[in-house]
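Student: One predicted model, sequence on top.
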Amino acid sequence: MAKLSKKKKLEILEVARDKERKKIVKYLTDEELYYPSIIPLLENYLDAFVIYKSMFDAWEDAGFAPTKLHENKAGAVNEMKHPLAQHVETWSDKKNKMLESLGITNKRKITQKLEKNDEKSLKLQSINELQAHRDKWRGSG
């Protein structure tokens, strides 16, 4: 891949930031979770997203190397986790925590499910999938 200038990289990151902002705002609006008070949280998330994306792109340019050789003071060569891989992992975790603070996680996902009751009529019931999964596996132990 050709080396991009710093200005071009910043333009690409700004386009990605705007695209991500539109995606998040659309999702929050569709779920009726968008309020003006979450704009600072959204800006923090977008900052983390830009840092994550820049680190990810740099790691991609390095060929997604999982490890890197390092020579210590004694002259021994050791394999260590690639620093860019570590940064991507760290910023991915931070980004996910910020999404959780915005209310966008699978923990809050509640689906509407139709269930038949004893009289064979349909009843609308809201089921928390995560809690149902926990109950299933905790009950069997």
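Tutor: Received the coordinates, thanks. Predicted model only: the values in this text are computed from it and were never measured. Numbering: from 1, shown residues only.
Student: From now on I want contacts and neighbour counts done on CA atoms only, so please keep to that.
Tutor: Noted.
Student: Would you mind giving the domain segments of the chain?
Tutor: 6-108, 109-141 (automatic domain parsing).
Student: Would you state the strands of this protein in chain order?
Tutor: Remark: strands assigned in the chain by DSSP state E are 67-71, 77-81, 110-116, 122-128.
Student: Quickly, which of those bottoms out on average pLDDT?
Tutor: Among the strands of the chain, strand 110-116 carries the lowest mean pLDDT, at a mean of 46.
Student: This structure: helices as residue ranges?
Tutor: Taking DSSP state H, the helices of the chain run over residues 6-30, 39-61, 83-102, 129-139.
Student: Among those, single out whichever gets nearest to residue 67.
Tutor: Shortest distance between residue 67 and these, using Cα to Cα, is found for helix 83-102: 8.2 Å.
Student: What residues sit buried inside that closest one?
Tutor: For helix 83-102, burial by neighbour count (16 or more other Cα atoms under 10 Å) applies to 84-85, 87-88, 91-92, 94-96, 98-99, 102.
Student: Can I get that helix in CSV, CA atoms only?
Tutor: The C-alpha trace of helix 83-102 is given here as CSV (Å, rounded to 0.1, in the frame of the first residue of the first chain):
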residue,chain,number,x,y,z
PRO,A,83,2.7,-2.8,20.1
LEU,A,84,0.1,-1.9,17.5
ALA,A,85,-1.9,-5.0,18.2
GLN,A,86,-1.9,-4.0,21.9
HIS,A,87,-3.0,-0.5,21.1
VAL,A,88,-5.8,-1.8,18.9
GLU,A,89,-7.0,-4.1,21.7
THR,A,90,-6.9,-1.3,24.3
TRP,A,91,-8.7,1.2,22.2
SER,A,92,-11.3,-1.4,21.1
ASP,A,93,-12.1,-2.0,24.8
LYS,A,94,-12.3,1.7,25.5
LYS,A,95,-14.6,2.2,22.4
ASN,A,96,-16.9,-0.6,23.6
LYS,A,97,-17.1,0.9,27.1
MET,A,98,-18.1,4.2,25.5
LEU,A,99,-20.7,2.5,23.3
GLU,A,100,-22.1,0.9,26.5
SER,A,101,-22.3,4.3,28.1
LEU,A,102,-24.3,5.5,25.1
